[in-house]
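In: Give the three-dimensional model of this entry:
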Amino acid sequence: MSTQPAPAPLLIACALGIESLALRSRDHRGADGPVTVLRTGMGPEAAEASTTRILAQPELAGAAVLATGFCAGLAPGMHPGDLVVAEETRHPRGTVPCVGTDLLVKELMRAVPGRTVHTGPLTGSDHVIRGHERSELLATGAIAVDMESAATLLSAVRTGERPVAAVRVVVDAPEHELVRIGTVRGGISAFRVLRSVLPAFFEWHRSLLLPRR
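Out: Numbering: from 1, shown residues only. All right, here's what the predicted structure looks like:
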């Protein structure tokens, strides 16, 4: 009989049905430990409520949490399908540092070769960002924005000590603003990228299970 503790679970949180579809359409057999894909619903309040509720379940005690999905890029030169690995997420109620960002960058470059991976602060918003708001947020040092990641990770660390990270796929950028995600080339490109990133998430999770020196 093994005395090894059970692997810690991995919770992958996203907001939209199309994001959940991309993540659920891939095989999870490459994961170490149980994987739960949570569709939080759109907006910071929904993300906070859903994350807090699911992490109260005993089977998710100590779960690592990774927020993902689509985002708006803030920096000139970003393109739909680019990836953003957050060094930290910024919420009006607190900043949350992310864990294992260097490894995530490495594994994403392996999982989606040819795609640009950006690193930096990921800021939260309670609405879709348009026009001059991009430059205002860029001036704060943030490189991308979405409505759920910051609320998800803040809720996650407030429910207990755990590793957290955020990886987003750019679907909307300064030179590539879009209105409807599912009907334009940028949205389709971002969907395909999101479908391909799960192996990188599993490697990130696996690295957390290794003994610390």
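In: what about residue 148, distance to residue 114?
Out: 27 Å (C-beta to C-beta, to the nearest Å). Where C-beta positions appear, they are placed from N, C-alpha and C, glycine not excepted.
In: now swap in residue 72 and tell me
Out: From residue 72 to residue 114 the distance is 22 Å (C-beta to C-beta).
In: do residue 165 as well
Out: In terms of C-beta to C-beta, residue 165 sits 22 Å off from residue 114.
In: quick one: which of the two has more around it?
Out: residue 165 (27 against 6; other C-beta atoms under 10 Å).
In: Quick check: which element contains that one?
Out: Per DSSP states H and E, residue 165 falls inside strand 164-172.
In: same question, residue 130
Out: Under DSSP H and E, no helix or strand contains residue 130.
In: Compute the first-to-last residue distance for stretch 128-143.
Out: One end of stretch 128-143 to the other measures 15 Å (C-alpha to C-alpha, to the nearest Å).
In: show me the contacts for the residue nearest to the spatial centre of the chain.
Out: Centroid-nearest residue in the chain: residue 68, 2.4 Å away (criterion: C-alpha atoms, centre = their mean). The contact partners of residue 68, taken as C-beta atoms under 8 Å, 6 or more residues apart in numbering, are 12-14, 19, 23, 149, 166-169, 194, 197, 201.
In: Now with 7 Å, please.
Out: Residues in contact with residue 68, defined by C-beta atoms under 7 Å, 6 or more residues apart in numbering, are 12, 14, 167, 168.
In: and if you look at residue 82?
Out: Going by C-beta under 7 Å, 6+ apart, residue 82 touches 73, 115, 116, 118, 170.
In: one more time with 10 Å, if that's ok
Out: Residues near residue 82 by C-beta atoms under 10 Å, 6 or more residues apart in numbering: 71, 73, 75, 112, 115-118, 144, 168-171, 173, 189-190, 193.
In: before we move on, what about residue 100?
Out: By C-beta under 10 Å, 6+ apart, the contact set of residue 100 is 64, 66, 85, 106-107, 163-165, 203-205, 207-208.
In: my read is residue 120 is in a strand, agree?
Out: Yes. Assigned with DSSP: H, G, I helix; E, B strand; the rest coil, residue 120 falls within a strand.
In: And it, how close does it get to residue 24?
Out: 29 Å.
In: Looking only at neighbour counts, state which of these two leads.
Out: Ranked by neighbour count (other C-beta under 10 Å), residue 120 and residue 24 place residue 120 first, with 17 against 14.
In: For that one, list each beta-bridge partner.
Out: Taking DSSP bridges as the rule, residue 120 bridges to residue 86.
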